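[1] let's see this in three dimensions:
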Amino acid sequence: MDRFENARSRMIERQLKGRGITNARVLDCMAKVPRHAFVDSALAEFAYDDNPLPIAANQTISQPYIVALMLEAADVQPGDRVLDIGTGSGYAAAVMACIGARVESVERHRELADAARATLDGQGIENVAVHHADGTEGLPQHAPFDAILAAAGGPYVPSAWREQLKIGGRLVMPVGDAREAQRLVKFVRIGEHDFEQEDLGPVMFVPLIGAAGWAEEPDIRPTAPSMPHAEANAASRSLPDRIRASAVRLPAPGAPDFAHAFDRFAKKRVVLLGEASHGTAEFYEARAAITRRLIEEHGFRFVAVEADWPDAAIIDEHVRHRPRARPDARPFQRFPQWMWRNAEFGAFVAWMRAHNAALPDERRAAFYGLDLYSLSESIAAVLAYLDEQDPDAARIARERYGCLTPWQKNPAVYGRAAWQAGFGKCEKAVIAQLRDLLDKRLASPAADPGLFDATHNARLVASAEQYYRAMYGGSAESWNLRDTHMFDTLTSLLDAWGPDARAVVWAHNSHLGDASATEMGRVRDELNVGQLCRERFGDDAALIGFGTHTGTVAAASDWDAPMQVMNVRPSRADSYEQQFHLAGVNRCMVDLRPGVDDALRHALAEERLERFIGVIYRPDTELYSHYAQAELSAQFDAFVWLDTTRAVKAMPASRDSAESPETPETFPFGL
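    Residues are numbered from 1 along each chain as shown. Here you go, the predicted structure:
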């Protein structure tokens, strides 16, 4: 018994028998043939899931149910001679061979033909011959065939297949007017020129390319709008075709020229860089590369991220070569530590420090946190500043914050208690403290970094008090308070740096993509930072989303649970991610601003599912817990696609020895 046997049994019972597949030979052979041997080893654990999976050459291995449905419809029998169009991985051919058919399988991609032949040989399957050829022309030298099956969708049945099918033979293929959407149809040849047909339902296969199918896939280079044939071709393009034609190809994030494509956003006041998960290495690497170029070449002054203010303040002191205000404080010690304590972000921090080293203090790039979860640390920072600068004010602050003292370790408990009591028990006290610091800052004749930091910590405490109360009044209210706090912090930073200052923001797509273009805003009445930036800055803000199809991610299964490196399920067929995957471009950026490619903008305005993975990932409930309806072209100004991604490299919590004066370059991560 191999480790996949239980998964195969569940596939047979739930996906096949549960959907009405009854052919005993099909069920028996799909229970025997190891589907995991026909996919990349990184995707093996998903081999028996109810999904198609990617293979080489931008093709797919069909969903198990579709394979079973086609084989049952074709009624493949022992001894049949079968023409298999689109070998792909070789899995369907292997199942037919198990049934006892002699299979002639045709594949137009040489790399797939060679790989399938090797896999079939490795499985000891001898009654399949793989041919590298144009499948739309059939194999007249091996005709006639008892059955013909095609794993690619065409606009019509090629005449060669009709001629090469026996009288009484069965032909099953996807047929449709669009490259990416078809109906699965069964044809039975009942005479020299007569066929019966049966519609088996809607499907979505890769296009059938060849002399009697669709034209060769378009040139992957962007099509210039001025080209004479562009308008004529536009009406017939599928969404993957449009993405492929418009996409700006990107090298790997580590390449020196990766960020050059983003110079088009260099004049914006604020550039917001998203991520589709909090634990994907390429998202951090790409954002770091873009940010480096915006700082080095275009004069952006600071980076503001989805992290708490006091944690980020420690990073800011480090990268700007400033003395530590709170020597005992250590950043990113709470769940989810890996979100910022990872090697990819650590490399960016090291770059910022090195970049700033040669600059005077007033020209050094700064680093700030926008989030509000650090109630206890922010109170400590305010008190530490006042203890040094104004002991009398520190005494008053301690009295005010004393209201929150019993709740600092678990502020959510304060929220529940205050909500049940029907009033904000500590609201007046924390607002009074914030007002005092704001007044002090306004009266200060010169810039005081300590006062600046203390004021923002006091702002955070006031927002956090509201946030934890709102948690028990409704998710929309608490979400809106959190994102409004992040936006207010961003705008206060821009104001402090002056009217010419420009900023880069790092946060999750759910915070940076305009909420009004998703079910967040349309159904749940939630707003977010991206929406507020558009309302405040208009075209002076660039909202850039990120997406991926599959790979691995660092995440937890529940809040405060251990981090795991999890496999990301391949994207759903009804998602934006699947459309980008089908476009076949591993790394690219599409510019979604009006006037750049309006045909693509219009095509991406059709609502589809979009995947959102945070610090929690639950693959078993992915549709319900990680997908939401969105309108991509209204949500973002640009979208960065990285087809296959890997998890961030998490780093352990820092130790005292790592923060010693002898190794300052490793602070604060203890590399």
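[2] state the helix or strand in which Y624 lies.
    helix 622-626 (DSSP states H and E).
[3] counting neighbours, what do you get for the nearest residue to R524 once chain neighbours are set aside?
    Distance criterion C-beta to C-beta, 6 or more residues apart in numbering; nearest residue to R524, sequence neighbours excluded, is A476 at 5.4 Å. The way it works is simple: take the backbone N, C-alpha and C, and place the C-beta from them, glycine included. Neighbour count for A476, taken as other C-beta atoms under 10 Å: 16.
[4] what's the host helix or strand of A476 packed up against?
    Element membership of A476 [criterion: DSSP H and E] is helix 475-497. Applying 3 or more C-beta pairs under 8 Å, 6 or more residues apart in numbering; DSSP states H and E, one finds that helix 475-497 contacts strand 302-308, strand 366-371, helix 449-470, strand 503-506, helix 529-537.
[5] so which of those is nearest R587?
    Ranking the helices and strands packed on helix 475-497 by their distance to R587 (criterion: C-beta to C-beta) puts strand 503-506 first, at 19.0 Å.
[6] could you list the buried residues of stretch 15-23?
    Buried residues in stretch 15-23, counted by 16 or more other C-beta atoms under 10 Å: 15-16, 21, 23.
[7] contacts for the helix holding Y624, please.
    569, 572, 609, 611-613, 616-618 (C-beta atoms under 8 Å, 6 or more residues apart in numbering).
[8] same question for the helix holding A476, mean pLDDT?
    Mean per-residue pLDDT for helix 475-497: 85.
[9] check the offset of it from the chain's centre.
    24 Å (C-alpha atoms, centre = their mean, to the nearest Å).
[10] and the contacts of it?
    269-270, 301-302, 304, 306, 309, 368, 370-372, 452, 456, 459-460, 463, 466-467, 470-471, 501, 503, 505, 507, 511, 524-529, 532-533, 536.
[11] on that earlier part again, just among the contacts of helix 622-626, which is most surrounded?
    Using other C-beta under 10 Å as the neighbour test, the contacts of helix 622-626 are led by I613, with 26 neighbours.
[12] nearest residue to it in space, please, no chain neighbours.
    S277 (3.7 Å).
[13] flag the shaky bits of the stretch 151-300 of the chain, pLDDT-wise.
    The stretch 151-300 of the chain contains residues with pLDDT under 70 at 178-181, 216-236.
[14] try 80
    The model of the stretch 151-300 of the chain has pLDDT under 80 over residues 177-181, 215-237.
[15] could you do the stretch 501-650 of the chain as well?
    For the stretch 501-650 of the chain, the stretches with pLDDT under 80 are 559, 624.
[16] how about the helices in it?
    Applying DSSP state H, counting those that start in this stretch to the stretch 501-650 of the chain gives helices spanning 509-512, 519-522, 529-537, 576-583, 598-603, 622-626, 632-635.
[17] P207: which of these is closest?
    Among those, helix 576-583 sits nearest to P207 (C-beta to C-beta), with 9.4 Å.
[18] got a list of contacts for the closest one?
    Here helix 576-583 has contacts from 54, 58, 180, 206, 239-241, 243-244, 247, 547-549, 570-572, 604, 608-611, 630, 632, 639, 641, 643, using C-beta under 8 Å, 6+ apart.
[19] looking at the buried residues of stretch 15-23, spot the one nearest L383.
    Using C-beta to C-beta, the buried residues of stretch 15-23 come closest to L383 at Q15, 59.7 Å.
[20] thinking again about what came up before, and the residue nearest to I613, what does it touch?
    283, 508, 548, 553, 555, 568, 613-614, 617.
[21] that one in helix, strand or coil?
    coil (DSSP: H, G, I helix; E, B strand; the rest coil).
[22] gap between it and F452?
    Distance, S277 to F452, by C-beta to C-beta, to the nearest Å: 32 Å.
[23] now swap in V349 and tell me
    V349 is 21 Å from F452, by C-beta to C-beta.
[24] that older thread, of the contacts of helix 475-497, buried ones?
    Using 16+ other C-beta under 10 Å as the burial test, these include 269-270, 301-302, 304, 306, 309, 368, 370-372, 452, 456, 459-460, 463, 466-467, 470-471, 501, 503, 505, 507, 511, 526-529, 532-533 as buried.
[25] so which helix or strand takes in S89?
    Counting by DSSP H and E, S89 is part of no helix or strand.
[26] thinking it is in contact with P52, fair?
    No - in this structure, S89 is not within contact of P52 by C-beta atoms under 8 Å, at 10.8 Å.
[27] between those two, which one's more packed in?
    Higher neighbour count among S89 and P52: S89, with 26 against 21, using other C-beta under 10 Å.
[28] ramachandran coordinates for the more buried one?
    When read as degrees, to the nearest 10, the backbone of S89 gives phi -80, psi -20.
[29] the longest strand in this protein is where?
    Secondary structure of the chain per DSSP state E: the longest strand is strand 165-178.
[30] so how far is it from its chain's centroid?
    37 Å.
[31] past that strand, which element shows up next along the chain?
    Next helix or strand after strand 165-178 toward the C-terminus (DSSP H and E): strand 181-189.
[32] can you tell me what sits against that following strand?
    For strand 181-189, the external contacting residues (C-beta under 8 Å, 6+ apart) are 66, 69-70, 73-74, 153, 157, 162, 165-176, 195-205.
[33] run me through the strand neighbours of that strand, direction for each.
    strand 165-178 (antiparallel), strand 195-203 (antiparallel) (DSSP bridges).
[34] re earlier: out of the contacts of S277, who's nearest H321?
    For the contacts of S277, the nearest to H321 is F283 (27.9 Å; C-beta to C-beta).
[35] give me the three-state assignment for the closest one.
    Secondary structure assignment for F283 (three-state DSSP): helix.
[36] hang on, P256 in a helix?
    No - counting by three-state DSSP, P256 is not found in a helix; it is coil.
[37] ok, it to R293 distance?
    Distance, P256 to R293, by C-beta to C-beta: 10 Å.
[38] with neighbour numbers in mind, choose between these two.
    R293 (20 against 9).
[39] nearest residue to that one other than its sequence neighbours?
    Per C-beta to C-beta, 6+ apart, closest to R293 is A259, 3.9 Å.
[40] same check on P140?
    Once flanking residues are discounted, P140 sits nearest to Q164: 6.3 Å by C-beta to C-beta, 6+ apart.
[41] can I get the CA coordinates of stretch 289-301 in CSV?
    Extracted C-alpha coordinates of stretch 289-301, given in CSV (Å, rounded to 0.1, in the frame of the first residue of the first chain):
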residue,chain,number,x,y,z
ALA,A,289,13.5,45.4,-5.6
ILE,A,290,10.8,48.0,-6.6
THR,A,291,11.3,50.0,-3.4
ARG,A,292,15.1,50.1,-3.8
ARG,A,293,14.7,51.6,-7.2
LEU,A,294,12.1,54.1,-6.1
ILE,A,295,14.4,55.2,-3.3
GLU,A,296,17.7,55.2,-5.2
GLU,A,297,16.6,56.5,-8.5
HIS,A,298,13.4,58.5,-7.8
GLY,A,299,13.9,60.0,-4.4
PHE,A,300,11.1,58.3,-2.4
ARG,A,301,11.6,59.2,1.3
